[in-house]
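Asker: Sequence plus predicted model, see below.
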Amino acid sequence: MWINKQEIEQLSAAVKGYQNGYQDDIRDNKEGIWSILKNDIYSLVQSKDEQLAQTEAERDILAEYMADISHQLKTPITSMKIMMDLLEEAEPEKQQEFMQNIKFSLSKMEWLIGGLLKMAKLDAKAVEFTPKKINVSELVKGVMPSIEILLDINSQTIELENDVEICCDRRWTIEALTNIVKNAMEHSPKESVIRIDSGINPMYEWIAVTDSGDGMEKEQYAALFKRFEHSTNENGFGIGMPLALSIMKGQNGDIDVDFGGNGKGATFILKFLK
């Protein structure tokens with residue numbers, strides 16, 4: 001096969017252009033080794049550009065989350081510094097109070113950092129989900145250790161209405177379900193019931209969590225899954241619901257909301273698409 005000098009120079013110029021960020025399409029539909037070579041070079045460049053774009057996106061995600069962590073940690077760190085300065089000269093009872101507050105702040109900081117780093121991994125698609133068949137009752141059992149104390153304090157109970165077998169990643173789904181249930185508890189009065197239902201239809205498997213509150217205003221929905229924007233708990237950060245959504249999206253799922261009202265609480269539906 002004869003390849004003239006001009007074609008080689010054109011290919012060389014295109015390769016140099018790729019190195020400088022140009023996106024010329026050198027592919028053609030001709031037959032022969034020369035055309036195959038040009039097509040392979042173009043495919044290699046496109047693959048490299050996609051990998052670079054993914055790396056830059058992951059870097060931007062991590063930078064954003066680190067900025068969020070830094071911003072959210074300023075208040076508890078400042079508070080702990082003040083308490084540490086006052087600790088030595090304080091009365092014994094006050095010292096005990098300061099120590100408890102410091103421990104509580106450290107616990108909040110640990111949870112915040114852990115939650116945000118989990119979200120960063122999920123958004124960067126750096127999590128490998130391992131879906132397996134599991135009964136919803138087993139997922140609820142996995143949620144209980146994180147909410148038992150809160151249930152006892154508020155005299156609330158959890159009721160599971162239907163127990164079906166769904167396909168999901170057990171550990172991550174328990175994380176998402178825990179945050180959804182905690183949200184339902186925050187919006188339910190004391191001595192009330194949080195109901196969990198589940199089912200299967202031709203399109204998806206689902207778990208529904210319904211609180212015993214007065215329902216939810218549609219205006220609240222816009223901020224519901226945005227970090228730091230939706231938390232009725234004074235000790236919360238507003239990342240539980242966004243984390244739950246990231247987990248569901250990572251499993252090719254979603255979260256739907258029935259706003260309730262007229263004597264009916266809000267329902268959050270975790271959907272696992274088939």
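Answerer: Right, received. Where do you want to start? Residues are numbered from 1 along each chain as shown.
Asker: Where do the strands of the stretch 1-150 of the chain begin and end?
Answerer: 132-135 (DSSP state E, counting those that start in this stretch).
Asker: how about the helices in the stretch 51-200 of the chain?
Answerer: Along the stretch 51-200 of the chain, the segments classed as helices by DSSP state H, counting those that start in this stretch run 92-123, 136-154, 170-186.
Asker: okay, the angle between the shortest one and helix 92-123?
Answerer: This means helix 170-186. Relative orientation of helix 170-186 versus helix 92-123 (axes from the mean of the first three to the mean of the last three Cα atoms, to 10 degrees): 130 degrees.
Asker: what about helix 170-186, distance to the chain center?
Answerer: 12 Å (Cα atoms, centre = their mean, to the nearest Å).
Asker: Name the residues of that helix that are buried.
Answerer: Neighbour counts over helix 170-186 (16 or more other Cβ atoms under 10 Å) mark 170, 172-186 as buried. For glycine as for every other residue, the C-beta is placed from the backbone atoms N, C-alpha and C.
Asker: so what's residue 198 bridging to?
Answerer: residue 207 (DSSP bridges).
Asker: Deepest-packed of the helices of the stretch 51-200 of the chain, please.
Answerer: helix 170-186 (a mean of 22; mean count of other Cβ atoms under 10 Å).
Asker: Show me what that one is packed up against.
Answerer: Applying 3 or more Cβ pairs under 8 Å, 6 or more residues apart in numbering; DSSP states H and E, we find helix 170-186 packed against helix 136-154, strand 193-200, strand 204-210, helix 240-250, strand 267-273.
Asker: And residue 65, what's its pLDDT?
Answerer: pLDDT, residue 65: 64.
Asker: where are the low-confidence patches of the stretch 101-250 of the chain?
Answerer: Counting by pLDDT under 70, the stretch 101-250 of the chain shows low-confidence ranges at 221-222, 227-238.
Asker: what about residue 135, neighbour count?
Answerer: For residue 135, the neighbour count with other Cβ atoms under 10 Å is 14.
Asker: State the distance from it to residue 269.
Answerer: Computed as Cβ to Cβ, to the nearest Å, the residue 135 to residue 269 distance reads 18 Å.
Asker: now do residue 33
Answerer: According to Cβ to Cβ, residue 33 stands 56 Å off from residue 269.
Asker: Repeat that for residue 28.
Answerer: As judged by Cβ to Cβ, residue 28 and residue 269 stand 51 Å apart.
Asker: Compare neighbour counts for those two and give me the winner.
Answerer: residue 269 (19 against 12).
Asker: Quick check: residue 112 touching residue 243?
Answerer: No: look at residue 112 against residue 243 with Cβ atoms under 8 Å: they stay out of range, at 11.1 Å.
Asker: and of the helices and strands packed on helix 170-186, who's closest to residue 123?
Answerer: helix 240-250 (6.2 Å; Cβ to Cβ).
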